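# Based on what follows, work out the 3D shape:
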Amino acid sequence: MNNQQSDNYSHSHSNPFAVPFFLILAFAVIEFACGIWTQSLALLGDAWHMFSDVFALALAWFAVNQAQKNPSAKHASGQNPIEIWASIINVAMMFAVVAWIVFESIQRIKNPPIVTGSYVMLIAFVGLIINILVAKRLHHQAHHHGANENLNHRAAFLHVLGDLLGSVAALLAGAVIHFTGWMAADPILSLLISALILVVTLKLANDIRLTLKQVAPAKPPDNHHH
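Modelled structure (predicted):
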């Protein structure tokens, strides 16, 4: 019985993606609806980003489960190949999200729509709290359970970190619009956050590239012929 409890405990702690997955899925649906209602690109961009997070966390969750089932499968770097592939897909999704936000931001700077600043502030604040809770949970898992160097964990955490920054951008945009009426604040802040996300994503993409370049250690020479 104790062994079973221990197995359940270790399993729940070795896969930190379940609670973040359901939290972010629920809020993404709410934020997307509110983004359409308020006409806020910052909210819509953050909602799309959250939907990509849902996929990213599901992929990371799946990769961890598969790695646990086949722990002997290791890349030369020591990481499980399926987790490396999950990190590659998640990084590619981050680039797509950034490209979409940049494109939409440029369109809205040219022709900014009317945005309801007070509602944007409220929704963004709730999103910020959720993202902080999820980021803390993932960071705790990485720090205390040896996942800091795991590319799969880092890619999932990157998505959540990008969301957190997106919520900050939406909150600031809502405040500027509410108090000044300057509608261009929404797309401009979205562009700034996209630039920050891009820098972090490029760093992770480079780390993945370096990991894939690692080869297995050379076998010792075969002395059989001597």
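# which regions of this structure lie under the pLDDT threshold?
By pLDDT under 70, the weakly predicted segments of the chain are 1-15, 71-79, 141-149, 215-226.
# can you pull out the helices in it?
Assigned by DSSP state H, the chain shows helices spanning 2-14, 18-38, 41-69, 81-110, 117-144, 151-180, 185-213.
# got the ones you listed as a markdown table, with mean neighbour count columns?
Any C-beta I mention is one placed from the backbone N, CA and C, and that applies to glycine too. A markdown table is the format used below for the helices of the chain (neighbours: other Cβ atoms under 10 Å):
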| stretch | mean neighbour count |
| --- | --- |
| helix 2-14 | 10 |
| helix 18-38 | 18 |
| helix 41-69 | 23 |
| helix 81-110 | 19 |
| helix 117-144 | 19 |
| helix 151-180 | 24 |
| helix 185-213 | 18 |
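# Centroid-nearest residue for the protein?
Using Cα atoms, centre = their mean, the residue of the chain that lies closest to the mean C-alpha position is residue 159, 1.0 Å off.
# Now do the contacts for that residue.
Residue 159 is in contact with 49, 52-53, 56-57, 90, 93-94, counting by Cβ atoms under 8 Å, 6 or more residues apart in numbering.
# 7 Å instead?
52-53, 56, 90, 94 (Cβ atoms under 7 Å, 6 or more residues apart in numbering).
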